[in-house]
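Novice: Test case, fold it:
(one chain, ligands or ions: 1)
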Amino acid sequence: MTERISTPSKTKQIIEENHFTFKKNFGQNFLIDSNILDNISECADITKEDCVLEIGPGIGSLTQVLAENAREVVAVEIDRTLIPILKQTLTGYDNVEILNQDILKTDIDAIIAEKNNGKPIKVVANLPYYITTPIIMDLLEKKRHIDSITVMVQKEVAERMQAGPKEKEYGALSIAVQYYCDANLDMIVQPSCFMPRPKVASAVITLKVLPQRKVITKDENLFFHLVKCAFGQRRKTLLNSLNNQGDLNLSKEELTAIITSLGWDERIRGEALRIQDFAILTDAIFDKLH
Ligand code: SAM
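Specialist: Coordinates of the predicted model:
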């Protein structure tokens with residue numbers, strides 16, 4: 001095995017030799033613990049069959065481990081000052097392609113088509129924390145051919161992804177993740193495993209994309225619209241949230257009738273509803289509108 005990029009001394013050396021300065025606005029906290037990197041690759045179940053999309057390779061610490069375990073790695077990095085560094089640190093790995101792009105503007109479907117014949121890829125990343133939710137939502141909502149997503153995120157965000165009704169962290173992200181995936185919290189990672197150290201604890205979570213959605217609804221767009229409304233104003237009742245923000249062309253009386261016809265108290269809050277309840281509500285509203 002070649003020398004690890006991820007040791008504290010090697011990372012420091014690479015940074016100093018290249019006069020690299022960390023950019024806070026890109027969420028740059030590099031991993032400097034080789035065991036954590038091995039664990040991430042293991043949790044993602046990377047084998048020589050796999051094509052992996054890595055988001056934000058930094059100086060290549062995780063990329064190196066992925067390249068050793070996968071058939072092919074495509075790593076998308078927004079910071080152009082890291083590209084020459086990556087070319088140097090990953091010399092010798094001919095199964096890695098580096099793209100200098102913003103992941104939110106990257107044609108991921110084209111990568112899947114070109115690199116994996118359209119078959120599902122695995123996504124692995126130590127995510128930039130400032131855009132965790134947009135990245136996850138983009139990967140899930142666009143229904144890309146993805147087998148699983150194994151990511152380092154803030155511990156609190158991992159908790160949100162797994163939260164259920166009435167829990168403090170329960171929200172639109174919980175529903176979206178649980179609608180498309182089975183989520184498994186792999187490990188908690190302390191700030192001391194990063195350079196520079198983030199202020200909060202992190203967690204690695206694996207989202208295994210389900211072959212079918214967790215629940216079936218008559219209108220998926222309406223389902224997510226209702227979820228966003230219900231959690232948009234958490235202190236409001238479901239009825240008031242839908243009435244004020246729903247844009248559903250239904251009167252308050254009609255919405256009340258729908259809610260009570262489902263056997264719910266008209267003062268119920270969105271945060272009390274399970275994913276199945278949102279599906280039932282969607283169908284009831286859909287039927288009323290059609
Ligand atoms: N993978 C490296 C590691 O574990 O040491 C670096 C992880 S660091 C938390 C996040 C990386 O994502 C940084 O390299 C940052 O420049 C990059 N990044 C930030 N925003 C990005 C975006 N929109 N698209 C692609 N990469 C991005």
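
Novice: C-alpha from now on. contacts and neighbour counts both.
Specialist: Fine.

Novice: List the contacts of P120.
Specialist: Going by CA atoms under 8 Å, 6 or more residues apart in numbering, P120 touches 112, 145-147.

Novice: ah, wrong one, I meant D265
Specialist: Taking CA under 8 Å, 6+ apart, we find D265 in contact with I259.

Novice: tell me the SS of it?
Specialist: Classification of D265 using DSSP: H, G, I helix; E, B strand; the rest coil returns coil.

Novice: Check what pLDDT it gets.
Specialist: For D265, the model assigns a pLDDT of 97.

Novice: hang on, the earlier thing: what subset of the contacts of P120 is buried?
Specialist: Neighbour counting with 16 or more other CA atoms under 10 Å marks 112, 145-147 as buried within these.

Novice: if we can go back for a sec, of the contacts of P120, closest to A230?
Specialist: Nearest to A230 among the contacts of P120, counting by CA to CA, is I146 at 28.3 Å.

Novice: Looking at strand pairing, list the partners for the closest one.
Specialist: I121 (DSSP bridges).

Novice: picking that back up, make CSV out of the buried ones among the contacts of P120 and add pLDDT and distance to the ligand.
Specialist: CSV is the format used below for those (pLDDT from 0 to 100; distance: CA to the nearest ligand atom, whole Å):
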residue, pLDDT, distance to the ligand
I112, 97, 17
H145, 96, 19
I146, 97, 18
D147, 98, 20
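
Novice: burial of I98, as a residue count?
Specialist: 19 (other CA atoms under 10 Å).

Novice: Now it. Its backbone dihedrals?
Specialist: Per-residue torsions, I98: phi -100, psi 130 (degrees, to the nearest 10).

Novice: quick one: secondary structure of the closest residue to it other than its chain neighbours?
Specialist: Spatially, and ignoring its direct neighbours in sequence, I98 is nearest to A75 (4.9 Å; CA to CA, 6 or more residues apart in numbering). Classification of A75 by three-state DSSP places it in strand.

Novice: how about the nearest residue to Q212, chain neighbours excluded?
Specialist: Counting by CA to CA, 6+ apart, Y180 is the residue found nearest to Q212 once chain neighbours are left out, at 7.5 Å.

Novice: The ligand versus that neighbour, what's the distance?
Specialist: Distance, Y180 to the ligand, using CA to the nearest ligand atom, to the nearest Å: 23 Å.

Novice: check contacts around that residue.
Specialist: Contacts of Y180 by CA under 8 Å, 6+ apart are 140, 209-210, 212-214.

Novice: hmm, back to that, could you identify the most distant pair in the contacts of P120?
Specialist: Checked with CA to CA, the contacts of P120 reach their widest spread between I112 and D147, with 11.2 Å between them.

Novice: Next, show the common contact partners of the two.
Specialist: 120-121.

Novice: Please produce TSV containing the contacts of P120, extended by distance to K168.
Specialist: Putting these into TSV (distance: CA to CA, whole Å) gives the following:
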residue	distance to K168
I112	37
H145	32
I146	29
D147	29
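
Novice: Locate the residue in the chain sticking out farthest from the centre within the secondary structure: which element?
Specialist: Distance to the chain centre peaks in the chain at E253, reaching 38.3 Å (criterion: CA atoms, centre = their mean). Using DSSP states H and E, E253 sits within helix 252-261.

Novice: other SSEs contacting that helix?
Specialist: Applying 3 or more CA pairs under 8 Å, 6 or more residues apart in numbering; DSSP states H and E, we find helix 252-261 packed against helix 238-245, helix 275-289.

Novice: contacting residues for T11?
Specialist: Listed by CA under 8 Å, 6+ apart, the contact set of T11 reads 5, 32.

Novice: Contacts for stretch 92-103, please.
Specialist: Contact partners of stretch 92-103, identified using CA under 8 Å, 6+ apart, comprise 55, 63-64, 67, 71-80, 83, 86, 90, 135.

Novice: So which bits of that stretch are buried?
Specialist: Quick answer for stretch 92-103 (16+ other CA under 10 Å): 96, 98-101, 103.

Novice: Can you give me the end-to-end span of that stretch?
Specialist: Length of stretch 92-103, first residue to last, CA to CA, to the nearest Å: 25 Å.

Novice: What's the mean pLDDT across it?
Specialist: Mean pLDDT, computed over stretch 92-103, is 97.

Novice: how distant is that stretch from the center of its chain?
Specialist: 20 Å (CA atoms, centre = their mean, to the nearest Å).
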